[in-house]
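**Student:** need coordinates for the following:
(3 chains)
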Amino acid sequence: MKHFIATAVFILFSGVLLAQEKPYNVVFDLTSKDTADQKTVIRWIRGITSSNPAAKLEVVLYGQSLDMVTKGKSIVAYAVEEFAATKNISFVVCAASMKRHNLNVAQLIPGVTTVPDGIYEIISKQGEGWGYIKVAH
Amino acid sequence: MKHFIATAVFILFSGVLLAQEKPYNVVFDLTSKDTADQKTVIRWIRGITSSNPAAKLEVVLYGQSLDMVTKGKSIVAYAVEEFAATKNISFVVCAASMKRHNLNVAQLIPGVTTVPDGIYEIISKQGEGWGYIKVAH
Amino acid sequence: MKHFIATAVFILFSGVLLAQEKPYNVVFDLTSKDTADQKTVIRWIRGITSSNPAAKLEVVLYGQSLDMVTKGKSIVAYAVEEFAATKNISFVVCAASMKRHNLNVAQLIPGVTTVPDGIYEIISKQGEGWGYIKVAH
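**Tutor:** Numbering: from 1, shown residues only, chains lettered A, B, ... in the order given. Below is the predicted model:
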């Protein structure tokens, strides 16, 4: 009997421990049209992935930040395309923001993907235990 | 006996599953006096609630953002009053910030409420599993 | 037998309750070089700790915010040193940002400490259940 309780307690606390350990998963919230913010995110991604190859990083772009992932407008196009091609880094654009800015999928830098709702994407990642960083300065 | 363990495990994993599913609950952190940020929050609320009628949204105002919910100063007064009258949307002002800005409750747009401490309100919502979005651009 | 189930359920729900109660623990994310943001954080810390002596507050400085904790450059040097000397308040600087700005530990205001990676420090605190506030306006 004690065994069964011990098992239940063990399972429970395993869950607690799992919930406490912190992999390097971050969702970056980027709404800024300021190219300094956009260059900063790229620098952070480069720094994080060089030290933590298993880090999962996602940049969610909505609001005024869409130039960063738009062909012919991005000042970090090469880096976005390079990073977006890797397994652990995603650039995700809010489709509602794209519509508002008359932007279509063909205009996005290769590898950049879309979600219907950028805010929901962010809070979903938060709900899965990802870290959250608002990019602003 | 197996039944009891199965029950315990089921309850445990139900808890885990419940913790993972993500309702559309968001607390917006607004400290900006920039009216562009204030209009942006209104646009987001309109977009979210039209697609997700059950979404619970709370805007916490502190720092420099109080004009947004002040009679005669807000440029989005009508929308604030309209949304604040609905069950799932709240505009909550930090009383400490109000005191600092010599603002009293009678000056707030109808439906806007107060909390003693805006930061504690935000982290409490985070602790309850709400998503967090800092409004800035 | 019922006793064992009750015990398991009790333990489980204790865990849930513990997860829901919210101590006043906040990590502030500060990347801004704007001295208004730096003064704001100091004002918040003073307000929070006067009402909540047990609050644990940590300011993580990276990006453009390092002047705030640099000798001879900070406009809130006295407050930083005063707060950093208390048990529950920390000012933590990203060592990668320091390197980028050619800043060494001797230039930091007494009591200010460093971490290898400011973003990982922030998401670790988030993972431990601390509240998160991005400082921006």
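**Student:** list the contacts of A:Ala95.
**Tutor:** In this structure, A:Ala95 makes contact with A:Thr114, A:Val115, A:Pro116, A:Asp117, judged by Cβ atoms under 8 Å, 6 or more residues apart in numbering or on different chains. Using the backbone N, CA and C atoms, a C-beta is placed for each residue, glycine as well.
**Student:** bridge partners for the first one, pull those for me.
**Tutor:** Okay, so that is A:Thr114. Beta-bridge pairing of A:Thr114, defined through DSSP bridges, involves A:Val93.
**Student:** that one contacts A:Phe91, doesn't it?
**Tutor:** No: checked against Cβ atoms under 8 Å, the pair A:Thr114 and A:Phe91 is beyond contact range at 9.9 Å.
**Student:** touching, A:Ile123 and B:Gly129? I think so.
**Tutor:** No: with contact defined as Cβ under 8 Å, A:Ile123 and B:Gly129 do not form a contacting pair (9.6 Å).
**Student:** so what sits against both of those two?
**Tutor:** In contact with both A:Ile123 and B:Gly129: B:Asn25, using Cβ under 8 Å, 6+ apart.
**Student:** neighbour-wise, which of those two wins?
**Tutor:** The neighbour comparison of A:Ile123 against B:Gly129 (other Cβ atoms under 10 Å in any protein chain shown) goes to A:Ile123, with 24 against 17.
**Student:** the residue nearest to the more buried one when sequence neighbours are not counted pairs with what?
**Tutor:** Leaving out its chain neighbours, the residue that sits closest to A:Ile123 by Cβ to Cβ, 6 or more residues apart in numbering or on different chains is B:Gly131, at 2.6 Å. The bridge-partner assignment for B:Gly131, based on DSSP bridges, gives B:Val26.
**Student:** those strands in chain A, which residues are they?
**Tutor:** Secondary structure of chain A by DSSP state E: the strands cover A:25-30, A:56-61, A:89-94, A:113-115, A:131-134.
**Student:** please pull out the lowest mean pLDDT helix or strand from chain A.
**Tutor:** Comparing helices and strands within chain A by mean pLDDT, DSSP states H and E singles out helix A:2-20 as the least confident, with a mean of 51.
**Student:** any weak-confidence spans in chain A?
**Tutor:** A:1-21 (pLDDT under 70).
**Student:** middle-most residue in it, spatially?
**Tutor:** What sits nearest the mean C-alpha location of chain A, by Cα atoms, centre = their mean, is A:Glu58, with 1.6 Å.
**Student:** distance of that residue from C:Gln126?
**Tutor:** 15 Å (Cβ to Cβ, to the nearest Å).
**Student:** same question for A:Lys73.
**Tutor:** Computed with Cβ to Cβ, the distance linking A:Lys73 and C:Gln126 is 32 Å.
**Student:** the two: who's more crowded?
**Tutor:** The residue with more neighbours, out of A:Lys73 and C:Gln126, is C:Gln126; 23 against 13, by other Cβ under 10 Å.
**Student:** show me which of the contacts of A:Ala95 are buried.
**Tutor:** A:Thr114, A:Val115, A:Asp117 (16 or more other Cβ atoms under 10 Å in any protein chain shown).
**Student:** what's the closest non-adjacent residue to the second one?
**Tutor:** Put plainly, it is A:Val115. When the adjacent residues along the chain are set aside, A:Val115 lies closest to A:Glu121, with 4.4 Å between them (Cβ to Cβ, 6+ apart).
**Student:** hang on, the one you found packs against A:Thr113?
**Tutor:** No: checked against Cβ under 8 Å, the pair A:Glu121 and A:Thr113 is beyond contact range at 10.3 Å.
**Student:** need the overlap of contacts for these two.
**Tutor:** Taking Cβ under 8 Å, 6+ apart as the contact criterion, the residues that touch both A:Glu121 and A:Thr113 are A:Val92.
**Student:** out of these two, which sits in the busier spot?
**Tutor:** Regarding A:Glu121 and A:Thr113, a neighbour count based on other Cβ under 10 Å identifies A:Glu121 as having more, with 21 against 13.
**Student:** and the gap between that one and C:Ser97?
**Tutor:** The gap separating A:Glu121 from C:Ser97 is 28 Å, by Cβ to Cβ.
**Student:** check contacts around the residue of chain A found nearest chain C.
**Tutor:** Taking Cβ to the nearest Cβ, chain C has its nearest neighbour within chain A at A:Gly131, 2.6 Å off. The neighbourhood of A:Gly131, defined by Cβ under 8 Å, 6+ apart, consists of A:Lys22, A:Tyr24, A:Asn25, A:Val26, A:Val27, C:Ile119, C:Ile122, C:Ile123, C:Ser124, C:Gln126, C:Gly127.
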